[in-house]
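S.K.: sequence and predicted structure, then a few things I'm wondering about:
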2 protein chains.
Amino acid sequence: MQQTSYHHGDLRNSLVNIGTELLNSKGISSISLREIARTIGVGHNAPYRHFRNKQQLLEAIAEAGFRQLAARNTRLELEFAHDPESQLFESVMHVISMAAEKPNLFELMFGGYLQPDSCGNELKQASDDALKSLVRIIRNGQKQQVFIEKDPVKLALSAMSMIQGLAMMVSSGKLRLQPRPHQLESQDWGQHSNLLRGMVLQLFDVFLLGLKNR
Amino acid sequence: MQQTSYHHGDLRNSLVNIGTELLNSKGISSISLREIARTIGVGHNAPYRHFRNKQQLLEAIAEAGFRQLAARNTRLELEFAHDPESQLFESVMHVISMAAEKPNLFELMFGGYLQPDSCGNELKQASDDALKSLVRIIRNGQKQQVFIEKDPVKLALSAMSMIQGLAMMVSSGKLRLQPRPHQLESQDWGQHSNLLRGMVLQLFDVFLLGLKNR
DNA sequence: ATCACATGTGGACAGTGTCCACATGATTGA
DNA sequence: TCAATCATGTGGACACTGTCCACATGTGAT
């Protein structure tokens, strides 16, 4: 499958993809431009034809993550159009799942690695969309009189904090969602997502109580 | 003030202190053992007499942060012993302030830089104490019938998520607590901390609604 | 006074991000 | 068709990093 030609043809995408893989497997602090290039089979300077520096490649990786998140959110808005509470919960659930499954990518996206003032507009745009879709969901819930009538942006911010904090605790391992190895014994592993789901549901309930009309 | 003697005398503490300073000024990813040593005026290998590697020094810096947080929390518990709601709010407020004032330290403490399985017990202990003091506060509020009677650990977890998420958004700059330069016009700027306080208060309200008895 | 030991020093090495001049080959215009 | 252009990839170089090593220096116990 290896290219014998001098030019790679699709190096930019390869950089982002392999970069994401290496990020997920090796961790955010031990990822290196040179290793990404080496893995692709290209000189250590080739990346500089597509990104000004390492920071920019990381931004591109994070941006892809945000786009993936946004895409999923719009799908959810359609699927649960009639049920704002589910919209909100599934949206939360998806972020938490991502934090659990790809903690390193998640930390790159939501941690402080990418300074907001030095980063490019595409990334800003992509990350803003996440908040915006949440605002839409809440506004929709207010229209259907399911959520209270406070400023939807502040409610979204509040929800986003909850989501991000929870996800951060999951991804950083401070909150354990799987039984420890010696506890799991004969457990069925398909239950992983159910276990996580139940946990999130419980925490979500407390938060939701403050959000719902009654 | 510089030591002329061969031995420094208090190098371990100096490493943590200067390390914290450099962390706050230069950012978490551009901090280096060698620069810390250089700043103190000591050979590039001296730190290795006190820490096994860079990771361990970072852990010590984070640990100091957690201890500071815990100390403040116990002070608050005494000061507002009669008022669990204020206890909780002031505790939240303190974390957020820290995130706003020392974002890099905060990210080191709550981001994913320090893997929980590879890090030392002192750090684990110190960070666990933060959650524990929150649990105490909530349990106290339940005893005084101010907070609802759900599992206090889960409530604390939920609160901690909220706090951490909010703080993360503050420290990473995703949540702006000052108006942008061109928006501020004739506003009085001594109000910064009041402004932050008001903002947090609003978000806290939404969350608190789900927590309070009524 | 001596000797072990904790602490600090400098050299070395592999690995990194980034700059540079140069190589290659696809595209375009005559 | 053929040459020129320009985006793309290459290798060398540099300063810097974390970490290992052998060695130097003082301190404190015997």
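M.R.: Here it is on my side, so go on.

S.K.: ok, and does the strand or helix carrying A:Ser158 reach over to chain B?
M.R.: Per DSSP states H and E: A:Ser158 is located in helix A:152-171. Yes: part of helix A:152-171 sits close enough to chain B to count as contact by CB under 8 Å from any CB of the partner chain, namely A:154-155, A:157-158, A:160-169, A:171. Placement of C-beta: from N, CA and C, glycine included.

S.K.: apart from its neighbours in sequence, what residue is nearest the residue in chain A positioned nearest to chain B?
M.R.: Of all residues in chain A, A:Gly165 sits closest to chain B, at 2.8 Å by CB to the nearest CB. In space, A:Gly165 comes closest to B:Gly165 once its chain neighbours are excluded; the distance is 2.8 Å by CB to CB, 6 or more residues apart in numbering or on different chains.

S.K.: quick check: pLDDT value at that neighbour.
M.R.: Reading off the confidence values, B:Gly165 has pLDDT 81.

S.K.: any idea how far A:His8 is from it?
M.R.: Look at B:Gly165 and A:His8: by CB to CB, to the nearest Å, they are 40 Å apart.

S.K.: state the mean pLDDT of stretch A:75-87.
M.R.: Stretch A:75-87 carries an average pLDDT of 92.

S.K.: buried sites along that stretch?
M.R.: Neighbour counts using 16 or more other CB atoms under 10 Å in any protein chain shown place A:Leu76, A:Glu77, A:Phe80, A:Pro84, A:Glu85, A:Gln87 of stretch A:75-87 among the buried residues.

S.K.: tell me which two of the residues you listed sit farthest apart.
M.R.: The most widely separated members of the buried residues of stretch A:75-87, counting by CB to CB, are A:Glu77 and A:Glu85 (13.1 Å).

S.K.: hang on, the earlier thing: more neighbours, B:Gly165 and A:His8?
M.R.: The residue with more neighbours, out of B:Gly165 and A:His8 and counting by other CB atoms under 10 Å in any protein chain shown, is B:Gly165; that gives 27 against 17.

S.K.: need the contact list for the more buried one.
M.R.: Taking CB atoms under 8 Å, 6 or more residues apart in numbering or on different chains as the contact definition, B:Gly165 lies against A:Met160, A:Ser161, A:Met162, A:Ile163, A:Gln164, A:Gly165, A:Leu166, A:Ala167, A:Met168.

S.K.: with A:Leu114 instead?
M.R.: Residues in contact with A:Leu114 (CB under 8 Å, 6+ apart) are A:Gln55, A:Leu58, A:Glu59, A:Ala62, A:Leu108, A:Leu123.

S.K.: and A:Asn213, by the same measure?
M.R.: Contact partners of A:Asn213, counting by CB under 8 Å, 6+ apart, are A:Gln145, A:Val146, A:Phe147, A:Ile148.

S.K.: do A:Phe89 as well
M.R.: For A:Phe89, the contacting residues are A:Leu201, A:Phe204, A:Leu208, taking CB under 8 Å, 6+ apart as the criterion.

S.K.: buried residues, whichever helix in chain A runs longest. List them.
M.R.: Secondary structure of chain A read by DSSP state H shows that its longest helix is helix A:54-79. Within helix A:54-79, the residues that count as buried by 16+ other CB under 10 Å are A:54-67, A:69-70, A:72-73, A:76-77.

S.K.: got it, and stretch A:35-52?
M.R.: Judged by neighbour count using 16+ other CB under 10 Å, the buried positions of stretch A:35-52 are A:Ile36, A:Ala37, A:Ile40, A:Val42, A:Ala46, A:Pro47, A:His50, A:Phe51.

S.K.: gap between the fourth one and A:Ile31?
M.R.: So that's A:Val42. With the distance defined as CB to CB, A:Val42 ends up 16 Å from A:Ile31.

S.K.: dump the residue contacts of the closest residue in space to A:Gln144 that isn't next to it in sequence.
M.R.: With CB to CB, 6+ apart as the measure, A:Pro84 is the residue that lies nearest to A:Gln144, at 5.7 Å, once sequence neighbours are left out. Contact partners of A:Pro84, counting by CB under 8 Å, 6+ apart, are A:Ile137, A:Ile138, A:Asn140, A:Gly141, A:Gln144, A:Val146, A:Phe147.

S.K.: again, only using 6 Å
M.R.: Under the criterion of CB atoms under 6 Å, 6 or more residues apart in numbering or on different chains, the contact list for A:Pro84 reads A:Asn140, A:Gly141, A:Gln144, A:Val146.

S.K.: relative to helix B:152-171, how tilted is the helix holding A:Ser158?
M.R.: Taking axes from the mean of the first three to the mean of the last three CA atoms, to 10 degrees, one finds helix A:152-171 and helix B:152-171 inclined to each other by 110 degrees.

S.K.: centre of the chain to helix A:152-171, how far?
M.R.: Using CA atoms, centre = their mean, to the nearest Å, the mean C-alpha position of helix A:152-171 is found 12 Å from that of the whole chain.

S.K.: mind listing what's buried in it?
M.R.: Counting neighbours by 16+ other CB under 10 Å, helix A:152-171 gives A:152, A:154-171 as buried.

S.K.: closest residue of chain A to DNA strand D?
M.R.: With CB to the nearest atom of the strand as the measure, A:Gly43 is the residue of chain A nearest to DNA strand D, at 2.8 Å.

S.K.: any stretches of chain A with poor pLDDT?
M.R.: Residues of chain A that meet the criterion pLDDT under 70 lie in A:1-4, A:174-194, A:209, A:214.

S.K.: write out the residues of it neighbouring chain B.
M.R.: A:107, A:111-112, A:116, A:154, A:158, A:161-162, A:164-166, A:168, A:172-173, A:202-203, A:206-207, A:209-210 (CB under 6 Å from any CB of the partner chain).

S.K.: can you map out the strands along chain A?
M.R.: Counting by DSSP state E, no segments of chain A form strands.

S.K.: which positions in it make contact with DNA strand D?
M.R.: Proximity of chain A to DNA strand D, by CB under 7 Å from any atom of the strand, involves residues A:6-9, A:11, A:37, A:42-46, A:48-50.
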